[in-house]
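# next come a sequence and a model predicted from it.
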Amino acid sequence: MNTQAFLDFFRQAAPYIHAHRGKTFVIHFDADFSDPNLDAMLHDCALLQSLGVNLILVHGTRAQIDANLSTSGITSKFYKDKRITTQQMMPDILNAVGSLRLRIEAALSMGMMNSPMQDADVRVASGNFLIARSLGIIDGQDYSYTGNVRKINTDAINAHLKLGEIILLSPIGYAPTGESYNLNSEEVAAEAAAALKADKLIYISDAINQYKQEGNSRQLTPEQARQLNLHNTWLRQRLHAAADACDSGIRRVHLVERSDEGALLQELFTRDGIGIMVTSDRYDNLRPATEDDINSLLALIRPLEEKGILVPRPREVLEKDIQHYFVLSRDSSIIACAALYPYPEQKTAELACLAVDPQYRKHQRADYLLNELEQIAKQQGLETLFILTTQTAQWFEERGFSAIEVSQLPPKKQEKYNHARNSRPYLKKL
């Protein structure tokens, strides 16, 4: 990395380092030691802890359980994506969980060797923090020793966090009567995040890159996460768990690709991130504008027109161009808008008239609109977005737009360019 790249990265990361200090993150990962990136990911977790983040790690055990059961000649049955755990399976499951927990603790303790943080004191606490119960019988299917979380000992966990320790939760829960239950690790992570009122829940998962390559939105509401029809069982489970966590009060749930080394840090310390985010921050609806919205649009953009931030748009202009507008509504009120004017011959589009109601400007509505319109432009086969601005250049620069010359605009846009207004053009590659 050259000096300028380092400075740019550090300056971008610095606000997030400050923002994350003292926050509580729950991170779920599959403890598959055949994964070449697992040790690096655990090292990154230790780095987060050294930066003042309270960490709860929840590990999955599927690969090791499958291997143990196969060695014992036991075939698993699943119903509704959950393993039916028989008494015969429990010794193999407990062995898998116990051995993985020890290996993770060892990896966290040794992960700082031969690094600038070699002398960092990484302490890990694990134990019987989870009280569980049997799932019972669902649709006539007896789940036997498959359970779910009944209660989490948050007082004990918080006491360990105050001592600067990393909490490691395994997907085994214990009943007051002494039974052990096999738990779904994704659900354990979601339950722990809700019980601890965590600031973030993060799933390190497979299939994230494929999901993004298919052009799907990287920012989802809980409802959208549940409605996605995905073939990948594990990603579907994690998105559903993410939606449940949002409904339980977790503001943001992140999903990052486990095969990308450093994806966790990129997601947390860069502006655009690298994964998927499920968030309940907005209870808003993004939709194409209609003629019924014109009065609300005029009221929304008029103050910005008066300040010279937006080009004046009379009613007749909005009526003519309404098919290019999108609005963000809450409880039937328009709280934000933007327009997308495509130039398919140049595989680009103009993003125009981006406006947010002053009451909602601190809640990233503009970022959400920009992200969604970028996705719409991609779906239309476009490769770039451009904007014209007089007063908001810095905001767009911070979101990946770069200055260009007027001569680089589509010819039809150049013909309409207002030289008296002298707006600066910016372009972003999608």
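Happy to help now that I have it. Residues are numbered from 1 along each chain as shown.
# how is this structure carved up into domains?
Following automatic domain parsing, the chain resolves into domains at 3-279, 285-429.
# and these, which is most packed in?
Each of the domains of the chain was scored by mean neighbour count; the highest is domain 3-279, a mean of 18, by mean count of other CB atoms under 10 Å. The way it works is simple: take the backbone N, C-alpha and C, and place the C-beta from them, glycine included.
# what about that one, distance to the chain center?
Relative to the chain's own centre, domain 3-279 is displaced by 13 Å; criterion: CA atoms, centre = their mean, to the nearest Å.
# quick one: mean pLDDT over it.
Mean pLDDT, domain 3-279: 91.
# and that domain, end to end?
Using CA to CA, to the nearest Å, the end-to-end distance of domain 3-279 comes out at 35 Å.
# go on, stretch 286-297?
Taking CA to CA, stretch 286-297 runs 14 Å from one end to the other.
# state which strand of this protein is the longest.
Assignment by DSSP state E gives strand 333-343 as the longest strand of the chain.
# what's it packed up against?
Using 3 or more CB pairs under 8 Å, 6 or more residues apart in numbering; DSSP states H and E, the elements in contact with strand 333-343 are helix 294-306, strand 325-330, strand 348-356, helix 365-379.
# just how off-centre is that strand within its chain?
With CA atoms, centre = their mean, you get 24 Å for strand 333-343.
# send the alpha carbons of that strand over as CSV?
Below are the C-alpha coordinates for strand 333-343, written out as CSV (Å, rounded to 0.1, in the frame of the first residue of the first chain):
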residue,chain,number,x,y,z
SER,A,333,-46.0,11.1,4.0
ILE,A,334,-43.2,11.7,1.5
ILE,A,335,-39.9,12.2,3.5
ALA,A,336,-37.3,11.9,0.6
CYS,A,337,-37.1,11.8,-3.1
ALA,A,338,-34.7,11.4,-6.0
ALA,A,339,-34.9,11.2,-9.8
LEU,A,340,-33.1,8.8,-12.2
TYR,A,341,-32.7,9.9,-15.8
PRO,A,342,-31.2,7.1,-17.9
TYR,A,343,-29.0,7.6,-21.0
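# check the gap between the closest residue to residue 322 other than its chain neighbours and residue 305 for me.
Spatial nearest neighbour of residue 322, excluding adjacent residues (CB to CB, 6 or more residues apart in numbering): residue 289 at 5.5 Å. Counting by CB to CB, to the nearest Å, the separation of residue 289 from residue 305 is 17 Å.
# kindly report the same for residue 410.
From residue 410 across to residue 305, the span is 24 Å (CB to CB).
# next one: residue 194
44 Å.
# for residue 171, same thing?
To residue 305, residue 171 is 56 Å away according to CB to CB.
# also residue 104?
Noted for residue 104: a distance of 58 Å to residue 305, by CB to CB.
# so how far is residue 366 from residue 349?
Counting by CB to CB, the gap from residue 349 to residue 366 is 17 Å.
# do residue 144 as well
Distance from residue 144 to residue 366, by CB to CB: 51 Å.
# likewise for residue 337?
Counting by CB to CB, the gap from residue 337 to residue 366 is 10 Å.
# many thanks, I have nothing further to ask.
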